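1. A structural model of the following input is requested.
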Amino acid sequence: QVQLVESGGGSVLATDSLRLSCTFSGPTFSLHTLAWFRQAPGKEREFVAVISAGGDRKLYADSVKDRFTIGRDNIQNTMYLQMNVLKPEETGVYLCAARKWWTTRYSAVDEYDYWGQGTQVTISS
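-> Modelled structure (predicted):
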């Protein structure tokens, strides 16, 4: 059984940086595609970034390109999201998600089998 636990959220000012982590418990971490989503109050969950099992493919939502970096450590069973130059509209709960193998529908919520509980990120102007 796969379990995901996010950490690293907090309250920061606009243009600040935060680094989120997602710890994966369970078998075959190295076979799982991992992603970050975020959900603002009253809004749908939206895709932020994804990384393939081997780490060779990293894709981002247009709104975060050049500011966010996704990565993974296949020895520590951890994924991270480095977020720079944060904006107030990016406030929300950030969740990590996992699925075995790659999918071309990597930005779709229903493509993922496992989800963490989320970590709150609040950005003030």
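
2. and stretch 102-109, how far out from the chain middle?
-> Taking Cα atoms, centre = their mean, to the nearest Å, one finds stretch 102-109 lying 13 Å from the centre of the chain it belongs to.

3. where along the chain do the strands fall?
-> Here the chain has its strands, by DSSP state E, at 3-7, 10-13, 18-25, 32-39, 46-51, 58-60, 68-73, 78-83, 92-100, 114-115, 119-124.

4. any idea how far the residue nearest to residue 25 when sequence neighbours are not counted is from residue 98?
-> Nearest residue to residue 25, sequence neighbours excluded (Cβ to Cβ, 6 or more residues apart in numbering): residue 3, at 4.4 Å. For glycine as for every other residue, the C-beta is placed from the backbone atoms N, C-alpha and C. Residue 3 is 10 Å from residue 98, where distance means Cβ to Cβ, to the nearest Å.

5. one more: residue 104?
-> Noted for residue 104: a distance of 17 Å to residue 98, by Cβ to Cβ.

6. of these two, give the one with the bigger neighbour count.
-> residue 98 (23 against 7; other Cβ atoms under 10 Å).

7. how near is the residue positioned nearest the centre of the chain to residue 125?
-> Centroid-nearest residue in the chain, with Cα atoms, centre = their mean: residue 36, separated by 2.0 Å. According to Cβ to Cβ, residue 36 stands 23 Å off from residue 125.

8. cool, residue 12 as well?
-> The gap separating residue 12 from residue 125 is 11 Å, by Cβ to Cβ.

9. quick one: which of the two has more around it?
-> residue 12 (16 against 8).

10. ok, the more buried one - contacts?
-> By Cβ atoms under 8 Å, 6 or more residues apart in numbering, the contact list for residue 12 reads 18, 86, 121, 122, 123, 124.

11. does the residue lying closest to the second one once chain neighbours are set aside have beta-bridge partners, and which?
-> Using Cβ to Cβ, 6+ apart and skipping residues adjacent in sequence, the residue nearest residue 86 is residue 123, 4.7 Å away. Per DSSP bridges, residues listed as beta-bridge partners of residue 123: residue 12.
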